[in-house]
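Participant: need coordinates for the below:
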Amino acid sequence: MTKDQLSDKVSALSDLRITTLTRYVVGNQVLFAATWGKRTAEDWHGDWYYSIGKTGLDHGPFSDGYKAISLSVYSVNGAPVFDVVWQRYSGGGSDFVPTADGTAHLEPASFETTYKYETGRGFGPRAVVGYYYEGCGILYAGTFEKDS
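Facilitator: Next up, the predicted model:
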C-alpha cells in the first residue's frame, strides 16, 4: 500500500495496531506492508504510533516511555532511513541508541557486547535490524525487553 493508503488503513482499523511495518519498492513506487494485531491493555499498554522515512532513531520517544517494536531500515545514497512502530512500554526494557549524534549505529562487535549484556540481565531482543551505512559497513539497531 502507498503511504496515503497506510494512513487510511490505520484510521480504518483503529481497534487494531500495527505489529510489523516493512517498506519495499516496485518500479519507482515506495510501498508498505504491515501486519496488524488486536489492541489490548495487557499486551499493548494503550499508546502506539508509527513514523516513516526518518534519518535516525529519535531519542524523544525513548525518553517518553516508547519502545521501537518494529524496525525497518533502507538505504538512500548510502545512509540509513528508518521506518518504526513505537509502543508505550511499562514493563522494563531498553533501546540502544549509543552514539552522541543521535543515530542508532552499532558495529557488529558493539552489538555482540550489547546483546550479551542485555540477555545477561534477563532481557531478550524484541526488534533488531542490520543495515548498510556507506563508509561504516553493516551496523545494527534494536530494542530489548524483559523476558517473562
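
Participant: for the protein, give me the ranges with low pLDDT.
Facilitator: 39-46, 57-65, 89-105, 147-148 (pLDDT under 70).

Participant: what are the ranges of the strands in it?
Facilitator: In the chain, strands defined by DSSP state E lie at 16-26, 29-38, 48-54, 66-76, 79-88, 93-96, 123-133, 137-146, listed in chain order.

Participant: got these as a markdown table, with distance to Tyr115 and mean neighbour count columns?
Facilitator: C-beta coordinates here come from the backbone N, C-alpha and C atoms, glycine included. Putting the strands of the chain into a markdown table (distance: least, CB to CB, whole Å; neighbours: other CB atoms under 10 Å) gives the following:
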| stretch | distance to Tyr115 | mean neighbour count |
| --- | --- | --- |
| strand 16-26 | 21 | 16 |
| strand 29-38 | 25 | 14 |
| strand 48-54 | 24 | 15 |
| strand 66-76 | 15 | 20 |
| strand 79-88 | 20 | 21 |
| strand 93-96 | 10 | 20 |
| strand 123-133 | 7 | 16 |
| strand 137-146 | 8 | 20 |
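
Participant: may I see these organised as a markdown table, with distance to Ser7 added?
Facilitator: Shown next, in a markdown table, are the strands of the chain (distance: least, CB to CB, whole Å):
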| stretch | distance to Ser7 |
| --- | --- |
| strand 16-26 | 12 |
| strand 29-38 | 10 |
| strand 48-54 | 9 |
| strand 66-76 | 17 |
| strand 79-88 | 13 |
| strand 93-96 | 25 |
| strand 123-133 | 22 |
| strand 137-146 | 24 |
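
Participant: nearest spatial neighbour of Thr19, skipping sequence neighbours?
Facilitator: Nearest non-adjacent residue to Thr19, counting by CB to CB, 6 or more residues apart in numbering: Gly37, 4.5 Å away.

Participant: same deal with Leu106?
Facilitator: Spatial nearest neighbour of Leu106, chain neighbours left out: Tyr140 (4.5 Å); criterion: CB to CB, 6+ apart.
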